[in-house]
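Asks: quick one: sequence and predicted model below, then my questions.
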Amino acid sequence: MDLGNIVNELVAAMQAQEDRGTVASYIPELAKIDPGQFGIAIATADGRMLAGGDADTGFSIQSVSKVFALTLALGKVGDQLWERVGREPSGNPFNSITQLEHEQGIPRNPFINAGAIVVADVNLGGHQPRVAIGEMLRFVHYLSGDDSIAIDEAVAASETATGFRNLALANYMRAFGNVRHDVDLVLGNYIHQCAMEMSCRQLALAGRYLMLDGRHPDGGRVVSPRRARRINALMLTCGHYDASGDFAFRVGIPGKSGVGGGILAIVPGRASIAVWSPGLNANGNSCLGTLALEELARRTGWSVFSPLEEGD
Ligand code: DON
């Protein structure tokens, strides 16, 4: 299998696609992004990096950050987190509020907005948002080996000015006692975490611990093997919101999407993949990003449902 060749062909195929979906506009700053872009980067378990298209262009990682935030929160409170957040797919859109009333302010999983807001509350740990954001940036710098990753302050300001749904979610959970800090501080942490700007190359590097059973490529341990497997399981079952089943069906590997158009996808033992294209489908997931991963999985045979590497 010539992975470099597959990447080049995928980039050409995606660049020729006409149906690119729609760029997110509920965060006004994201509406300015050119939908004609597509990037892909693959970090392999044997240390190679294959990249193509706009792989070095920075984009707003948005909900992909929820993977790193969950990893940090589990490091702080361990399995106690599961008393405050579920681990079931929600079958609802990422910003839905309806289940929260029936389920007493306990969000279905850590990847829908409500769940990620509880995770952001845990990560705040009594500090100001800048302390938690500093910790998040240091973590992502360590994972990727790249200290240049930063917050896009314009995106953060744009979401702060318009994020009324998240404010509602946070206040609602506060009423149940499941958000413990001041909601403005929690959202300050959450919104800045989502506003991290990364390229496909940086994101694929940052995801390597999840393909390596929790190990950093430098030999250190980021999380235990069991924790890495569980995070991958949550990405597969909940990482694409109410399209998670469809993503598992079409792509067959754990993935986490963001409304900036990025997706981090993990092939355990083989590859950490980042794709980016800003146009979204109706579920808020990257249109071409999903298509590219589907095609990549088909060509490589990569799947958590098959022991073989056999494309078809
Ligand atoms: O809270 C929000 O709405 C955004 N900061 C993140 C949402 C997101 O990326 C959903 N993903 N597809």
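Replies: Looks like it arrived, so ask away. Numbering: from 1, shown residues only.

Asks: contacts and neighbour counts: CA atoms only from here.
Replies: OK.

Asks: mind listing the strands for the chain?
Replies: For the chain, applying DSSP state E gives strands covering 22-23, 39-44, 49-53, 59-60, 150-151, 196-198, 255-257, 262-267, 271-276, 279-280.

Asks: for the ligand, find the nearest of these.
Replies: When the strands of the chain are compared by CA to the nearest ligand atom, strand 255-257 sits nearest the ligand, at 5.1 Å.

Asks: so is the closest one next to the ligand?
Replies: Yes - legend: contact between strand 255-257 and the ligand by CA under 6 Å from any ligand atom is shown at S257.

Asks: same check, this time on stretch 270-290
Replies: Yes - counting by CA under 6 Å from any ligand atom, the ligand has neighbours in stretch 270-290: G284, N285.

Asks: average model confidence for that stretch?
Replies: Stretch 270-290 comes out with an average pLDDT of 96.

Asks: need the distance between the two termini of it.
Replies: One end of stretch 270-290 to the other measures 19 Å (CA to CA, to the nearest Å).

Asks: contacting residues for whichever residue of the stretch 51-200 of the chain sits closest to the ligand?
Replies: Nearest residue of the stretch 51-200 of the chain to the ligand (CA to the nearest ligand atom) works out as S63 at 3.6 Å. S63 sits next to F111, C194, K256, S257, G258, V259 when contact means CA atoms under 8 Å, 6 or more residues apart in numbering.

Asks: and with 10 Å instead?
Replies: Taking CA atoms under 10 Å, 6 or more residues apart in numbering as the criterion, S63 is in contact with 69, 94, 111-113, 116, 190-191, 193-196, 239-240, 256-263.

Asks: would you report which members of those residues are assigned to helices?
Replies: Assigned to helices by DSSP state H, the following of those qualify: A69, N113, A116, Y190, I191, Q193, C194.

Asks: need these in a markdown table with neighbour count, can you?
Replies: Putting these into a markdown table (neighbours: other CA atoms under 10 Å) gives the following:
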| residue | neighbour count |
| --- | --- |
| A69 | 27 |
| N113 | 24 |
| A116 | 22 |
| Y190 | 30 |
| I191 | 27 |
| Q193 | 30 |
| C194 | 24 |
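
Asks: could you find the closest non-adjacent residue to P254?
Replies: L236 (3.9 Å; CA to CA, 6 or more residues apart in numbering).

Asks: tally of neighbours for the one you found?
Replies: Counted by other CA atoms under 10 Å, the residues lying close to L236 total 24.

Asks: now do E295 against L167, distance only.
Replies: E295 sits 38 Å away from L167, going by CA to CA.

Asks: contacting residues around E197?
Replies: 57-62, 65, 148-153, 155, 203, 260.

Asks: now the closest residue to N123 other than its chain neighbours: how far from R230?
Replies: Using CA to CA, 6+ apart and skipping the chain neighbours, the partner closest in space to N123 is A73 (5.6 Å). Distance from A73 to R230, counting by CA to CA: 14 Å.

Asks: again with Y142
Replies: Distance of Y142 to R230, computed by CA to CA: 21 Å.

Asks: of A73 and R230, who's got more company?
Replies: Set A73 next to R230 and count neighbours by other CA under 10 Å: A73 wins out with 21 against 14.

Asks: what residues does this protein have near the ligand?
Replies: Counting by CA under 6 Å from any ligand atom, the residues of the chain close to the ligand are Q62, S63, F94, N113, I191, C194, S257, G258, V259, G284, N285.

Asks: in the chain, which helix has the most residues?
Replies: Using DSSP H to define each element, the chain has its longest helix at helix 129-144.

Asks: I'd like the average pLDDT over it.
Replies: Here helix 129-144 scores 98 as its mean pLDDT.

Asks: please identify the buried residues of that helix?
Replies: Applying a neighbour-count criterion of 16 or more other CA atoms under 10 Å, one finds P129, A132, I133, M136, L137, R138, F139, V140, H141, L143, S144 buried in helix 129-144.

Asks: kindly report the same for stretch 165-173.
Replies: Here stretch 165-173 shows N166, L167, L169, A170, N171, Y172, M173 as buried, counting by 16+ other CA under 10 Å.

Asks: tell me how many other residues crowd A282.
Replies: Counted with other CA under 10 Å, the burial measure for A282 works out to 11 neighbours.

Asks: could you do R87 as well?
Replies: Neighbours of R87 (other CA under 10 Å): 17.

Asks: cool, and the one 3 residues further on?
Replies: Residues lying near S90 (other CA under 10 Å) number 20.

Asks: ok, now the one 4 residues further on?
Replies: F94 is surrounded by 22 other residues when neighbours are defined as other CA under 10 Å.

Asks: what do you get for A12?
Replies: Neighbour count of A12, defined by other CA under 10 Å: 14.

Asks: which ones are touching it?
Replies: Taking CA under 10 Å, 6+ apart as the contact definition, A12 lies against I6, F38, G52, G53.

Asks: you'd agree the first one is up against R299?
Replies: Put plainly, it is I6. Yes - using CA atoms under 10 Å, I6 and R299 qualify as a contacting pair, with a distance of 7.5 Å.
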